[in-house]
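Next input, structure requested:
(one chain, ligands or ions: 1)
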Amino acid sequence: MALKTIRDFELEGKRVFLRVDFNVPQDKQTGAISDDTRIQAALPTINFALEKKARLILASHLGRPKGKVDPTFTLMPVAERLSELIEKDVIFPDDCVGDGVKKIVREMEPGSVVLLENLRFHPEEEANDPAFSEKLAGLCDIYINDAFGTAHRAHSSTAGIAAYVPDKGVGLLMEKEIEYLGKLLESPERPFVTILGGAKVSDKIGVIQNLIGKVDEILICGAMAYAFLLGRGLAVGTSLVEEDKAKTAAEILSRAESRGVKILLPVDHVVAKAVEPNAETKIVSSEKMPFDLMGLDIGPKTIELYKKEIGKAKTIFWNGPAGVFETPPFDQGTMELAKAVAGSGAMTVIGGGDSVSAVNKAGVADKITHISTGGGASLEFLEGIKLPGIAALES
Ligand code: AMP
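Next up is the predicted model:
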């Protein structure tokens, strides 16, 4: 069923509840926002609503306050930053529900902004409690979800609320996410190459299963490659590996083969005793992993091999770094792949999380077609799972 978007509604004077993802990283000591990308990402929808003279009610969670009021997780710094960005006062009540909030929302002027206090100060939010959802719904005429990063969670503000508001839809950011990720699943230009890395294969098994049958090729890197190499009967030294997933990895390899999907594994590795900056390293082939060293990055032959495949691609999806990219010299593989993806000329989608930091670190973020704001959500989307935050808007 087609989703409505914020552009489909007459917004003037309407109370619009906009669920955004303001879950920004903060300095542990000072609480200062260390990266405001998520606030910036919500600005197109916020500005759109304000230009149309909506009464805009913003709501988000921040961190994990575990259902209790915890000043560490107040959205106050976000309210201040947002106010600077939109050059407008942001009214900031001390809660997200209750009589005080109702009064503020009742009295707000068209074109003004309220940012509610952290939704997760109430345990009912994550429990998707119907009474709490109804209270949030009671604040608005129109419900818009623009929080793609939490769309894979069925919480009151992302899912439950929608049952109580007839007029609902997605914001501009969520619309863009669905468009690009949807294109990967439905109409990718071929060859479609997916690069999967990161620490754990268990997080990505569902995605790989769903992408076999949709992609032409999967390039595996990062520590998750070691479960595959183990599945092939190779030794992996002291590398980080989910040994119990080796059998599943082997099954994935044979299923891919029978479906004509190429899965490439690293052919060489940068190994060291431990993750230490400027550690003494060696390059070894996959067949010759030393028993006492760990693989911490893909080696030069793998980089060349993967770059060649990336160069042929017309569509690329990438999630997860190729090595311990936070600690040089183990960032080389990830940096090289980032540059190759950016220079490929393909439609390129980066699936949130560490891969976003990697393209930023490589200085190529502006050459990527779409950088998803949701790591977990983008993976679940590509697993073919209907995200609760999107499904709730279809009813
Ligand atoms: P994920 O959250 O599963 O995408 O994993 C990201 C993490 O994987 C990063 O913190 C990387 O440092 C880590 N990682 C990638 N390759 C390796 C490796 N070969 N050994 C240990 N950790 C790795």
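
only C-alpha atoms for contact and neighbour calcs from this point on.
Noted.

Contacts only, for Phe9.
Phe9 makes contact with no residue under the criterion CA atoms under 8 Å, 6 or more residues apart in numbering.

Verify the stated contact: Val24 with Arg38.
Yes - Val24 lies in contact with Arg38 (CA atoms under 8 Å); the separation is 6.4 Å.

got the phi/psi numbers for the residue lying closest to Ala274 once chain neighbours are set aside?
The spatially closest residue to Ala274, leaving aside those adjacent along the chain, is Met294, at 6.9 Å (CA to CA, 6 or more residues apart in numbering). With angles defined as degrees, to the nearest 10, Met294 sits at phi -110, psi 140.

check contacts around Met294.
With CA under 8 Å, 6+ apart, Met294 has these contacts: 236-240, 271-274.

And it, how far from Lys288?
Separation of Met294 from Lys288 (CA to CA, to the nearest Å): 12 Å.

give me the number of residues near Ser357?
Ser357 has 15 neighbouring residues, counting by other CA atoms under 10 Å.

quick one: what helix or strand has it in it?
Taking DSSP states H and E as the definition, one finds Ser357 inside helix 354-361.

picking that back up, identify the bridge partners of the residue nearest to Ala274.
With DSSP bridges as the criterion, Met294 is bridged to Ala272.

any idea how far the ligand is from it?
Counting by CA to the nearest ligand atom, to the nearest Å, the separation of Met294 from the ligand is 7 Å.

Val113 versus that residue, what's the distance?
Taken as CA to CA, the spacing of Met294 relative to Val113 amounts to 52 Å.

cool, Ile104 as well?
With distances defined as CA to CA, the gap from Ile104 to Val113 amounts to 11 Å.

so where's the stretch 1-150 of the chain shaky on pLDDT?
Counting by pLDDT under 70, the stretch 1-150 of the chain has low-confidence residues at 1.

repeat that with 90
Scanning the stretch 1-150 of the chain with the threshold set as pLDDT under 90 gives 1-2, 25-31, 34-35, 37.

Can you show me the helices along it?
Ranges of helices within the stretch 1-150 of the chain are 37-51, 76-86, 99-107, 123-127, 130-137, based on DSSP state H, counting those that start in this stretch.

just how off-centre is the third one within its chain?
In this case it means helix 99-107. 33 Å (CA atoms, centre = their mean, to the nearest Å).

ok, now the fourth one?
From the chain centre to the centre of helix 123-127 is a distance of 22 Å (CA atoms, centre = their mean).

Can you name every helix or strand that it contacts?
Judged by 3 or more CA pairs under 8 Å, 6 or more residues apart in numbering; DSSP states H and E, the packing partners of helix 123-127 are helix 130-137.

Quick one: name the residues of this protein near the ligand.
When proximity is defined by CA under 6 Å from any ligand atom, the chain lies next to the ligand at 198-200, 222-223, 240, 295-297, 320-326.

distance of Gly169 from Asn118?
Noted for Gly169: a distance of 22 Å to Asn118, by CA to CA.

Same check on Glu124?
As for Glu124, its distance to Asn118 is 12 Å (criterion: CA to CA).

thinking again about what came up before, ok, then the element right after the helix holding Ser357?
In the C-terminal direction, the helix or strand that comes right after helix 354-361 (DSSP H and E) is strand 370-371.

For Gln158, give me its contacts.
Not quite, residue 158 is Thr, not Gln. 19, 145, 147, 150-151, 388-389.

about what we covered before: among the contacts of Met294, which one has the most neighbours?
Within the contacts of Met294, most neighbours by other CA under 10 Å means Val271, with 28 neighbours.

Just the pLDDT for the residue nearest to that one when sequence neighbours are not counted.
Closest residue in space to Val271, ignoring its immediate chain neighbours: Gly295 at 4.3 Å, by CA to CA, 6+ apart. The pLDDT attached to Gly295 in the predicted structure is 98.

more neighbours, Glu124 and Asn118?
Asn118 (29 against 17).

burial of the closest residue to the more buried one other than its chain neighbours, as a residue count?
By the measure of CA to CA, 6+ apart, the closest residue to Asn118 outside its immediate chain neighbours is His61, 4.9 Å from it. Summarising burial for His61: neighbours were counted as other CA under 10 Å, giving 25.

Perfect, that will be all.
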